[in-house]
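A.B. asks: The amino acid sequence is not available; the structure is as follows:
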């Protein structure tokens with residue numbers, strides 16, 4: 001099943017293998033894509049990854065995780081990214097982009113961080129300034145503007161980063177959102193910002209273009225969100241137009257999840273069962289038989305992170321182990337495993 005196709009809206013993937021967003025920290029202060037990014041992503045397309053999700057890309061400079069991350073807050077940043085999209089398509093894969101605002105976890109040295117509440121991530125991070133209602137609306141507009149540029153660049157799908165303790169995730173979690181207005185308190189209020197971002201982004205996307213949301217299904221720390229809490233909030237906004245949920249965990253506070261092979265798969269299954277939405281799941285997935293079993297368990301797509309950094313041709317090896325005869329890149333046919 002790992003090498004069966006999968007369709008959501010107008011997007012058909014040739015297999016269930018996903019490369020999740022992983023920051024490369026290779027951009028300059030202008031946040032432009034360069035040859036490193038081009039080689040990195042195009043190589044995974046040659047390796048036959050079904051869906052590549054480009055790393056967290058800031059919707060404004062203040063929204064980057066670091067000053068070495070990509071951005072899409074002005075038109076001059078489109079050309080370099082479009083070059084990558086075209087190369088991925090030319091080599092037979094599909095590609096999405098993850099749009100992000102880092103919120104209180106931004107480490108951009110020359111700009112002050114912001115968040116739903118004035119609570120620092122840790123004593124090693126700066127205390128963010130609490131956003132006003134007007135500023136929240138402005139950031140919603142920044143997500144929409146970046147999504148419009150992503151459509152121009154030719155991406156097959158858009159992913160909104162609502163995980164790992166970045167701005168949307170900070171609004172979702174009761175650990176980081178202590179607001180007393182309509183954006184804080186109840187699940188309905190904490191998910192409001194995500195809902196507004198989804199509505200604004202949907203307004204600039206073609207009707208048949210999938211919209212993905214990445215979430216931290218479990219905050220790990222007591223008092224934080226559980227998979228059931230996250231499913232409840234997703235149900236409140238899914239009809240705005242969520243097509244696929246990319247399920248991760250942690251990152252909201254410095255308390256780290258205990259990681260082991262497939263450790264986040266139960267969260268993905270819970271989200272799927274309680275929302276009815278298709279999901280991407282993973283967590284230290286290295287072995288093809290492991291990935292095959294994950295798909296058989298009901299997870300629609302499997303993200304392979306660290307292993308694809310080590311081996312960009314992992315899908316070719318996985319097909320051999322699973323006895324699937326897939327198409328190899330023609331220049332590499334002499335080395336095909338049989």
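C.D. replies: Now that the structure is in, tell me what you want to look at. No experiment lies behind these values; they were computed from the predicted model shown.
A.B. asks: Looking at residue 256 now. What's its pLDDT?
C.D. replies: The predicted local distance difference test score for residue 256 is 89.
A.B. asks: Now for it, how many residues are close by?
C.D. replies: Residues within reach of residue 256, counting by other Cβ atoms under 10 Å, total 11. To be clear about C-beta, it is placed using only N, CA and C from the backbone, and glycine gets the same treatment.
A.B. asks: Could you do residue 34 as well?
C.D. replies: Around residue 34 there are 15 other residues, counting by other Cβ under 10 Å.
A.B. asks: how close does it sit to residue 311?
C.D. replies: As judged by Cβ to Cβ, to the nearest Å, residue 34 and residue 311 stand 23 Å apart.
A.B. asks: Please apply the same query to residue 36.
C.D. replies: Between residue 36 and residue 311 the distance is 18 Å, computed by Cβ to Cβ.
A.B. asks: neighbour count winner among the two?
C.D. replies: It is residue 311, of residue 36 and residue 311, that has more neighbours when counted by other Cβ under 10 Å, with 15 against 12.
A.B. asks: Next up, the contacts around residue 141.
C.D. replies: For residue 141, the contacting residues are residue 200, by Cβ atoms under 8 Å, 6 or more residues apart in numbering.
A.B. asks: element containing it?
C.D. replies: Residue 141 belongs to helix 133-153 when assigned by DSSP states H and E.
A.B. asks: Quick check: buried residues in that helix?
C.D. replies: Of the residues in helix 133-153, 136, 139-140, 142-150, 153 count as buried by neighbour count, 16 or more other Cβ atoms under 10 Å.
A.B. asks: Same check on stretch 91-107?
C.D. replies: So, applying 16+ other Cβ under 10 Å, buried residues of stretch 91-107: 91, 93-107.
A.B. asks: Same question for stretch 303-316.
C.D. replies: For stretch 303-316, by 16+ other Cβ under 10 Å, it's 303, 304, 305, 307, 308, 312, 313, 314, 315, 316.
A.B. asks: Among the residues you listed, which one sits closest to residue 112?
C.D. replies: Proximity to residue 112 was ranked across the buried residues of stretch 303-316 by Cβ to Cβ; first place goes to residue 305, at 30.8 Å.
A.B. asks: Pull up the gap between the closest one and residue 44, please.
C.D. replies: From residue 305 over to residue 44 the distance is 11 Å, taken as Cβ to Cβ.
A.B. asks: now do residue 268
C.D. replies: Remark: distance between residue 268 and residue 44 (Cβ to Cβ) = 22 Å.
A.B. asks: Just want to know which of these two has more residues nearby.
C.D. replies: Neighbours were counted for residue 268 and for residue 44 using other Cβ under 10 Å; residue 268 has more, 30 against 24.
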